[in-house]
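Q: Here is a sequence together with a model predicted from it:
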Amino acid sequence: MPFSIEYGSDNGFIMQDSILIIYNGKIADEALLLSEYLKEIGIVSKIKASDKKEKGCIFLSKGIGADSVESYKLLSRRDEIVVLAPSRYGILHGIQSIRQLFIREYKGVGSQLPAFEINDTPKFRWRGMLLDCSRHFMDKEFVKRYIDLLALHKMNRLHWHLTDDQGWRIEIKKYPLLTQKGAWRKDGKGGKYGGFYSQDDIREIVAYAGRRGVMIVPEIEMPGHAQAALAAYPQHSCTAGPFDVETEWGVFKEIYCAGNDSTYTFIENILSEVIALFPSPYIHIGGDEVPKYRWEKCPKCQKRIKEQRLVDGNGLQSYFIGRINSFLKTKGKQLIGWDEIMEGGLVEGAIVQSWRGFDAAQKAAKSGHATIVSPTSHAYFDYGLNEIDLQKVYEFDPIPKGLSKKEKKLVLGAECNMWSERAPQEKIDSKVFPRILAMSEVLWSNPKKKNFVDFKDRVSKHYSILDKLGVNYGMENIPVSIATKAADDKLLVELQNRDSSLTAEYSFGKSVWKTYSKPFEITEKDSLKVRFRRGQKEIDFSINQLLNPHLGVGKRIWQNYKISEQYTADIIDGKRGSNNFKDGNWQGTFGYDVNVVIDLGKMTDVKALGAGFLQYNNAWIFFPKKVDFLVSTDGKNYISVGQAFTKIDARDKREMTQEFSIAVNRKIRYINVKGYSIGRCPDWHDAAGSPSWIFMDEIWVEGKKEK
Ligand code: ACM
Ligand code: ZN
């Protein structure tokens, strides 16, 4: 949605299969780019430089304005299309608007556009997407394709995540092992997985992006997320290794040694080569998720803390970032880091990328620092649609609360983050699209015109453009939500439709597929499968939900611990979780024991009790070390009816669930379930010493079967 558009009463531009592009000003290459785009649509063009328009032409005219000015005017009249802009960036946006219009409307000679005048300018100047090419390597051509798709949607930053624990992806001439070793990890099948971009590849990609007005901001992670680098050069760690390039996902304790001067030299030499490759005035140095465990035990790091009179590991992190910041300044570059770089005190002139909510962005702006906002709540496109759907992204407002007018100006804009742990190249389209359309409008369009219904309508028209460009977009949302209600000892299941263009079909357990029309009852624990049709066409999306009817569903409940704001699932709704802790069925608590009381409302014959938990130690989630089950008839005096344990080792790296259950066989009214946390992450763990999570999906109350 442009900032403003006015339609004329006359006819607009009539398209031909050959067209004259006339450009005025130093924009020969921009004119060429437009002709390349038109060629893709099947329109041939001639290009000429002139300050005079001709009948039937596309006229591009650049004034003299700063590159920071991205505005443009676009006119469609019967005999001409005109783009006027003060800078090449405005011209490029005009060209992308023409491209969108032509892809959608060109159906052969004589196709007609409406007459209009667009006056357009972006809301935010930083409109980015992070692409994680470390966790999964993506081909050079794929990266270029994404840059082009960003430009098409008037996004102007590619935040290129090039290094992490699982792979180093950028050739550094001085340190060849970074890619010889660091770009490859074991693939679990006796082979290797990986890849990297040569410096020639990088130059090619940078030029491709520059041509389209997209700035690539490279991210070189430090001091954490550095295990691939340390696998190649272990002397820059606290322990000297040896290490492998990491094969699991998570946060790992092997980080750069901050007490070792040669580490800084190593990093500065790397950054020097990075700076020579990328014209971006910004360098992103990561800085997120740095376990301080190694630093706490490293004599060199401890010595540095003392010498520099730092308080602790956070202080050392600030010192580290400060040194890199000073180095970048000598090269005329500005440092960007994730919000953790604030933890030991923010270094002068750094830009903060706020990802753990909006607080860091607010704090950064209040202290006079520029900030980029990409909160997990709205901007993490690796998350599923159950957490972030199209509407959620559209509702995103990058400006944190409580900022003055002047402070708001420090919010440069936002990014959507496409982390790729669970998204190899072939899955990226379906995660990024259509959600990036919402991000694009949030960052570009006039917020006063924000209207989701109107936006959805534009999205549905935009699909024809994505289809023509071969974008394999995913769903806008999960088309139904599964609502459950207690009905005596049965569970009433309702599929609440969120997308009226789809028909839902379901199968429960081994039942045949039926078209859903109204709520249905179930009595057994089994899987509900839901699939969708649009007309006769099957949609490539389905839901598989384990349902568990029991006597506790919908009863009164007290939960005496702090439930995470992110993992808030109802634990007496009869909906069970999968092995994916983000599936929406899990409740999480960080650093607490769980302690739940349920009132069944009346004396009830109970056969058994159970509680479901999940373990995934890479995400710091462990089974409880013990689960206590207590019961009461009056809600005052409780007796223990048993305890349940796990046989699974806390070190077991799998994502898995376990049911902790005991027999009861008595009449009771109140139930108290206590799950005891293992406490802090154990010494062997990569987050040793940090609090741990407990994840619970359900507490169930099994009655005596009367049949
Ligand atoms: C992040 O998601 N760790 C920045
Ligand atoms: Zn150290």
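A: Yep, it's here. Numbering: from 1, shown residues only. Ligands and ions are numbered 1, 2, ... in the order given.

Q: residues in the stretch 101-250 of the chain within reach of ligand 2, list them.
A: residue 238 (C-beta under 5 Å from the ion). C-beta here means a position set from N, CA and C on the backbone, and glycine is covered the same way.

Q: Repeat that for the chain.
A: So the chain meets ligand 2 at 238, 257, 259, 298, 300, 301 (C-beta under 5 Å from the ion).

Q: Could you tell me which of those count as buried?
A: 238, 257, 259, 298, 301 (16 or more other C-beta atoms under 10 Å).

Q: my guess is the third one meets residue 296, correct?
A: Yep, that's residue 259 we're talking about. No - Residue 259 lies out of contact with residue 296 (C-beta atoms under 8 Å); the separation is 11.6 Å.

Q: what ranges of the protein fall below the confidence cut-off?
A: Along the chain, the parts satisfying pLDDT under 70 run over 67, 705-707.

Q: For ligand 2, what's the nearest residue on the stretch 501-650 of the chain?
A: residue 620 (23.0 Å; C-beta to the ion).

Q: these two touch, right, that residue and residue 688?
A: No - when contacts are counted by C-beta under 8 Å, residue 620 is not listed as touching residue 688 (10.5 Å).

Q: which residues do those two both contact?
A: Residues touching both residue 620 and residue 688 by C-beta atoms under 8 Å, 6 or more residues apart in numbering: residue 681.

Q: got the contact list for residue 257?
A: 236, 237, 238, 263, 294, 295, 298, 300, 301.

Q: need the contact list for the second one.
A: Just to be clear, that refers to residue 237. 230, 243, 254, 255, 256, 257, 294.

Q: Could you list everything the residue nearest to the first one when sequence neighbours are not counted pairs with in the sheet?
A: Leaving out its chain neighbours, the residue that sits closest to residue 230 by C-beta to C-beta, 6 or more residues apart in numbering is residue 237, at 4.7 Å. According to DSSP bridges, the residues that bridge with residue 237 are residue 256.

Q: so what's the backbone phi/psi at residue 166?
A: Here is the backbone geometry of residue 166 (degrees, to the nearest 10): phi -90, psi 0.

Q: before we move on, the earlier item: can you put the contacts of residue 237 in JSON lines and add distance to residue 550?
A: Shown next, in JSON lines, are those (distance: C-beta to C-beta, whole Å):
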{"residue": "230", "distance to residue 550": "49"}
{"residue": "243", "distance to residue 550": "47"}
{"residue": "254", "distance to residue 550": "45"}
{"residue": "255", "distance to residue 550": "46"}
{"residue": "256", "distance to residue 550": "51"}
{"residue": "257", "distance to residue 550": "53"}
{"residue": "294", "distance to residue 550": "46"}
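
Q: Next up, the contacts around residue 254.
A: With C-beta under 8 Å, 6+ apart, residue 254 has these contacts: 165, 226, 227, 230, 237, 239, 241, 243, 294.

Q: now for those, which pair is the farthest apart?
A: Pairwise distances across those (C-beta to C-beta) peak at 15.6 Å, for the pair 165 and 239.

Q: centroid residue for this protein?
A: residue 380 (1.9 Å; C-alpha atoms, centre = their mean).

Q: OK, contacts around it?
A: Counting by C-beta under 8 Å, 6+ apart, residue 380 has contacts 374, 387, 388, 416, 417, 419.

Q: cutoff 6 Å now
A: Shown here is residue 380, whose contacts under the criterion C-beta atoms under 6 Å, 6 or more residues apart in numbering are residue 417.

Q: how much space between it and ligand 1?
A: From residue 380 across to ligand 1, the span is 7 Å (C-beta to the nearest ligand atom, to the nearest Å).

Q: how close does that residue get to residue 355?
A: For residue 380, the distance to residue 355 equals 8 Å [C-beta to C-beta, to the nearest Å].

Q: Identify the bridge partners of the spatially closest residue to residue 558 that is not a sequence neighbour.
A: Excluding the flanking residues, the one nearest residue 558 by C-beta to C-beta, 6+ apart is residue 597, at 4.4 Å. As for beta bridges, residue 597 partners with residue 558, residue 672 under DSSP bridges.

Q: residues near residue 597, how many?
A: The burial count assigned to residue 597 is 18, neighbours taken as other C-beta atoms under 10 Å.

Q: Angles on the backbone of the residue nearest to residue 387 when sequence neighbours are not counted, please.
A: Excluding the flanking residues, the one nearest residue 387 by C-beta to C-beta, 6+ apart is residue 582, at 6.4 Å. For residue 582, the backbone dihedrals are phi -100, psi 20 (criterion: degrees, to the nearest 10).

Q: Then residue 620?
A: According to degrees, to the nearest 10, residue 620 has phi 70, psi 20.

Q: show me what contacts it?
A: 681, 687, 692, 693.

Q: quick one: the strands in the stretch 1-150 of the chain?
A: Using DSSP state E, counting those that start in this stretch, the strands of the stretch 1-150 of the chain run over residues 4-14, 18-24, 44-49, 57-62, 72-77, 80-85, 112-120, 126-132.

Q: surely residue 137 meets residue 195?
A: Yes - in terms of C-beta atoms under 6 Å, residue 137 counts as a neighbour of residue 195; the distance is 3.7 Å.

Q: the more surrounded of those two?
A: Shown here are residue 137 and residue 195; by other C-beta under 10 Å, residue 137 has more neighbours (20 against 16).

Q: and residue 554, that's in a helix?
A: No - counting by DSSP: H, G, I helix; E, B strand; the rest coil, residue 554 is not found in a helix; it is coil.

Q: Determine the number of other residues adjacent to the closest residue to it other than its chain neighbours.
A: In this structure, residue 554 finds its nearest non-sequential neighbour in residue 486, 4.2 Å apart by C-beta to C-beta, 6+ apart. As a burial measure, residue 486 scores 18 neighbours (other C-beta under 10 Å).

Q: Also the one 4 residues further on?
A: One way to gauge burial is a neighbour count; for residue 490, by other C-beta under 10 Å, it gives 16.

Q: Residue 263 too?
A: Residue 263 has 23 nearby residues by other C-beta under 10 Å.
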